[in-house]
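In: Please find the sequence and the predicted model below.
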Amino acid sequence: MEPFRTLHSRTVVLAQQNIDTDQIIPARFLKITHRMGLGRWLFADWRYQPDGNPRPDFILERPEAQGVQVLVAGDNFGCGSSREHAPWALTDWGFRAVISSSIADIFSNNAVKNGLLPIRVDAGFHRRLLAEPGSAVSIDLERLSVTLADGTTTVFPLDPFARYCLMNGVDELGFLLGQDEAIARFEEARS
Amino acid sequence: MSPFSPRNLFEKIWQSHLVQPETAETPAVLYVDLHLVHEVTSPQAFSLLRQRGLRVRRPERTVATMDHSTPTLPRDAQGRFPITDAEAAAQLSQLEANCQEFGVELHTLGSKHQGIIHVIGPELGLTLPGSTIVCGDSHTSTHGAFGALAFGIGTSEVGHVLATQCLLQRKPKTMEVRVEGNLRPGVSAKDIILGIIAKVGVGGGTGHVLEYTGSAIRRLSMEERMTVCNMSIEAGARAGLISPDDTAFEYLCRRPRAPQGEAWDKALAHWRSLPSDPGATYDTAVTLDANELEPMLTYGTHPGMGIPVTGAVPAPHDMADASARNSLERALLYMGLKPGQRLLGQPIDVVFIGSCTNSRLSDLRAAADVFRGRKVASRVRVLVVPGSQEVKQAAEAEGLHDIFRGAGAEWREPGCSMCIAMNGDQAQPGQYVVSTSNRNFEGRQGKASRTFLASPLTAAAAAITGKVSDPREFLR
């Protein structure tokens, strides 16, 4: 995982509320045993026509979305199924952060483990981002802040451990494996 | 909190599973008693173990089955399973190979205890009060019906649990969902949970574990409690819980993998200490009056968009909030429904009775009561999919399959089937499905399909009339 400290990008806006993980990547694309290349199927049912050709008016197909690393979504992003294929598809497409007023628990957990930063902002800041698609944002993980072009800044909550792992590009398994003795003691005490 | 403060069920389970408590810098290390595994969310986790040269730390606490990508038609004349495509076949054989390599118990396709993971766990007596249970599937919350802290995880976390038997977790908040009163005839556990989600909202439980309390919950059977806990995730909650009681212990005492003899007595004494103490507190609370509940139906594209089956679809212009208005407009467009429209009489194309929400014996009995002596409406396709081989055999032993077939419904092999529509069982674009499953998301039951979530009784009533119907008219 690449270390994540700052990010400067324009935004792509999907203003719908309650975007569930079935929309992020439909179930028919889960019949795989690897995790590569899923960006092609990101938002597949919104993005492609029945004949398989992309819809040119869908935001991810538009020229201004290319290379964008920040997705701004409506309230309660990532609800539903626990499929980690959702953050795999988002990161494979190129997103490194998702901003919403609320983000579902399992999705948030899955996101940070894949270098995708879930950013929860207050309703006012959220409304502004939704109303200004393509706006430039600067994200600073050290300060846990999002700053707009006019200097407006907000801070967001993030678990300190998730932040540490993202900033250093380390995964959580290493930490857990380091708990081996404590786990063995726990098992011993219960048996 | 002093050691003598009253504690709720969640706090008791949480505290007894802490390998390391959380600190400001690090999450808690939580011990996992039972790890359930299936073919869709595990392959990349096993690959991770292989890449790092790790083993499964406690294979005896790990149980796998095949459910999502499995066919529900019987074997062909050559004894082969009619698996839809090469990718699904590869995924199933990958699980088989992984379980063999890492020494994990697998209930493979066609074996005696194969079925939906959340149906077979309780049936086998693997799901025990006071334990922690995880699975790479959001409906793991089902097992909370027994007073187990059970929740869905992602594939990275599946890898964590395989390797260490532990998970990193921040302590969630708790919400008491109190349901008092008596359900009226024709109103079921599914209607309770659809009513709760309509009230709390699809993200209302985010960051919380829900504990269902109250007289209406206490009166539910174990199968009904599983239906309620199953959809906790649909309110955004991490998990659902019900304090264990004699109903739970009675269910478990006959199960093959539950503790036996002296071990049972010891376990039972522990389980009796688990229920939330009098005076225990929660971070949030909501209440629901069971007496006022009617059979529920969803009209939109998430499980929070639910109304009584006799009700009318809400109108976007009644919504105060612009984004809620936009969300409802979009949902009605997708569903092909008009604001203010009554749902009764809406023609339907497919009925699906099954899924980890409603595929247990009592669900099939409820549906069969409606089907008995009646015929499915012409042009309506009806799939009845038992949750496990055990459910299938029990249903056939009492002749339910004959009732379904006699009415013109398809009686299938166990699996997730049309809940997630990964196995070839799916609805066609534009079709209306009355489904006992848990999600009405866009495209969930097949591309551009339209789902009304309902109880088995309401689904069966729709199968007979070919349109959305009030199940209370079919009570005998």
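Out: In hand now; what should we look at? Residues are numbered from 1 along each chain as shown, chains lettered A, B, ... in the order given.

In: Point out where the chain drops to low pLDDT.
Out: Went with chain A since none was named. Counting by pLDDT under 70, chain A contains no low-confidence segment.

In: I was after chain B.
Out: Counting by pLDDT under 70, the ranges of chain B that qualify are B:1-3.

In: is the top helix by length along chain A up against chain B anywhere?
Out: Criterion DSSP state H: the longest helix present in chain A is helix A:180-190. Yes. Counting by Cβ under 8 Å from any Cβ of the partner chain, chain B has neighbours in helix A:180-190: A:180, A:182-183, A:186-187. Placement of C-beta: from N, CA and C, glycine included.

In: Filter these down to the buried ones.
Out: Buried members of these, counted by 16 or more other Cβ atoms under 10 Å in any protein chain shown: A:183, A:186.

In: which one of the residues of helix A:180-190 next to chain B sits closest to residue B:180?
Out: Ranked by distance to residue B:180 (Cβ to Cβ), the residues of helix A:180-190 next to chain B are led by residue A:186 at 39.0 Å.

In: Quick one: residues contacting that closest one.
Out: Residue A:186 makes contact with B:19, B:31, according to Cβ atoms under 8 Å, 6 or more residues apart in numbering or on different chains.

In: ditto for residue B:55
Out: So residue B:55 contacts B:49, B:102, B:163 (Cβ under 8 Å, 6+ apart).

In: So what's the residue count around the first one?
Out: It stands for residue B:49. If you count neighbours by other Cβ atoms under 10 Å in any protein chain shown, residue B:49 ends up with 19.

In: One more: the last one?
Out: Applying other Cβ under 10 Å, we find 19 other residues in the vicinity of residue B:163.

In: A helix includes it, no?
Out: Yes. Per DSSP: H, G, I helix; E, B strand; the rest coil, residue B:163 lies within a helix segment.

In: Spatially nearest residue to it (excluding sequence neighbours)?
Out: In this structure, residue B:163 finds its nearest non-sequential neighbour in residue B:54, 4.7 Å apart by Cβ to Cβ, 6 or more residues apart in numbering or on different chains.

In: pretty sure that neighbour contacts residue B:165?
Out: No. Here residue B:54 does not reach residue B:165: they are 11.9 Å apart, not a contact under Cβ atoms under 8 Å.

In: ok, those two, which is more surrounded?
Out: residue B:165 (21 against 16).

In: What's the nearest residue in the stretch 201-350 of chain B when you look at chain A?
Out: residue B:203 (3.6 Å; Cβ to the nearest Cβ).

In: Nearest residue to that residue in space, please, no chain neighbours.
Out: Spatial nearest neighbour of residue B:203, chain neighbours left out: residue A:76 (3.6 Å); criterion: Cβ to Cβ, 6+ apart.

In: Centre of the chain to the longest helix of chain A, how far?
Out: From the chain centre to the centre of helix A:180-190 is a distance of 35 Å (Cα atoms, centre = their mean, to the nearest Å).

In: list the contacts for residue 187?
Out: By default, I'm working from chain A. Per Cβ under 8 Å, 6+ apart, neighbours of residue A:187: B:31, B:165.

In: should've been chain B
Out: Here residue B:187 is in contact with B:290, B:293-295 (Cβ under 8 Å, 6+ apart).

In: Just give me the closest of these to residue A:140.
Out: Of those, the one sitting nearest to residue A:140 (Cβ to Cβ) turns out to be residue B:293, at 49.1 Å.

In: From the centre of chain A, point out the most distant residue.
Out: residue A:191 (40.3 Å; Cα atoms, centre = their mean).

In: What helix or strand is residue 35 located in?
Out: No chain in the question, so chain A it is. Counting by DSSP states H and E, there is no helix or strand that carries residue A:35.

In: you looked at the wrong chain, it should be chain B
Out: If you go by DSSP H and E, residue B:35 is part of strand B:34-37.

In: which residues touch the helix or strand just after that strand?
Out: Sequence order places helix B:43-52 as the next helix or strand after strand B:34-37, per DSSP H and E. By Cβ under 8 Å, 6+ apart, the residues outside helix B:43-52 that reach it are A:32-35, A:84, A:173, B:54-56, B:91, B:94-95, B:98, B:101-102, B:136, B:155-156, B:158-159, B:162-163.

In: try 6 Å
Out: A:33, A:35, B:94, B:98, B:155, B:158-159, B:162 (Cβ atoms under 6 Å, 6 or more residues apart in numbering or on different chains).

In: The one helix or strand residue B:451 maps to packs against which elements?
Out: Under the criterion of DSSP H and E, residue B:451 resides in strand B:450-453. Strand B:450-453 sits against strand B:296-298, strand B:432-435, with contacts defined as 3 or more Cβ pairs under 6 Å, 6 or more residues apart in numbering or on different chains; DSSP states H and E.

In: separation between the residue farthest from the centre of chain A and chain B?
Out: 12 Å (Cβ to the nearest Cβ, to the nearest Å).

In: what separates that residue from residue A:176, distance-wise?
Out: Residue A:191 sits 21 Å away from residue A:176, going by Cβ to Cβ, to the nearest Å.

In: Which phi and psi values does residue B:177 adopt?
Out: Per-residue torsions, residue B:177: phi -110, psi 100 (degrees, to the nearest 10).

In: Against residue B:6, how distant is it?
Out: In terms of Cβ to Cβ, residue B:177 sits 18 Å off from residue B:6.

In: ok, now residue B:178?
Out: Between residue B:178 and residue B:6 the computed distance is 16 Å (Cβ to Cβ).

In: repeat for residue A:43
Out: 47 Å.

In: more crowded one of those two?
Out: With neighbours defined as other Cβ under 10 Å, residue A:43 and residue B:6 compare such that residue A:43 has more, 21 against 12.

In: Buried ones in the helix or strand hosting residue B:402, by neighbour count?
Out: Taking DSSP H and E as the criterion, residue B:402 maps to helix B:400-407. For helix B:400-407, burial by neighbour count (16+ other Cβ under 10 Å) applies to B:400-401, B:403-404, B:407.

In: Near chain B, which residues of chain A? Just list them.
Out: Proximity of chain A to chain B, by Cβ under 6 Å from any Cβ of the partner chain, involves residues A:17-18, A:20, A:22, A:26-27, A:30-31, A:33, A:35, A:45, A:74, A:76, A:79, A:81-82, A:84, A:102, A:105-106, A:110, A:113, A:160-161, A:172-173, A:176, A:179, A:182-183, A:186.
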